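Asks: Only the shape, not the letters, is given here:
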């Protein structure tokens, strides 16, 4: 499910009302109801985001003195560009769906894996270098075993590179140069 999060602040010269219609606030936000506190955030399902259209990371629009802030569905889902985001079996697919056409790199690891620990700082560096790529990590423990099995993990570490909700490349083992090459290939396609 793709999500859109927004908050509305009242103009200084207007009293708060029980609702506000904001169809022109953002092209994918048809309408919204805002509580009288004006500080509430709401999550809306967006059909256009399900089709892979991503909105910009953060937009601010001012109409009649009211400020409407719109966050992308990727931020709402919990992933942050420029860092590695830990995912679980419950959070992985919502983040993948929210990413739209962005490239995602998933590090599948375990706590006890030596090579996983060695490559982890380098994976973090990649997340800081490639700001147009979303970097995720999944601890393949008992709790996340169903997702690991679904993704076809056989060894750790395994890196899955996704684009448009599909796995397009895989790198097994702590092969840093192979991982960088795979990321570059998918980014340029």
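Replies: Structure's in. What do you need? Computed from a predicted model, the values in this text were never measured in an experiment.
Asks: any weak-confidence spans in the chain?
Replies: Across the chain, the ranges flagged by pLDDT under 70 are 1-77.
Asks: got the residue ranges for the strands in it?
Replies: 3-9, 41-45, 58-63, 66-71, 84-87, 103-109, 133-139, 158-163, 166-172 (DSSP state E).
Asks: who are the neighbours in contact with the closest residue to residue 185 other than its chain neighbours?
Replies: Leaving aside its chain neighbours, residue 185 sits nearest to residue 169 (6.8 Å; criterion: CB to CB, 6 or more residues apart in numbering). Just so you know, the C-beta spots here come from the backbone N, C-alpha and C atoms, and that holds for glycine as well. Neighbour list for residue 169: 160-161, 182, 185-186 [criterion: CB atoms under 8 Å, 6 or more residues apart in numbering].
Asks: burial of residue 151, as a residue count?
Replies: Counted with other CB atoms under 10 Å, the neighbours of residue 151 add up to 18.
Asks: Tell me who's in contact with it.
Replies: 106, 108, 160, 167.
Asks: Mind telling me the two of the contacts of residue 169 farthest from one another?
Replies: Pairwise distances across those peak at 14.0 Å for 160 and 185 (criterion: CB to CB).
Asks: In terms of packing, which of those two has more residues around it?
Replies: Between residue 160 and residue 185, counted using other CB under 10 Å, the more crowded position is residue 160 (21 against 12).
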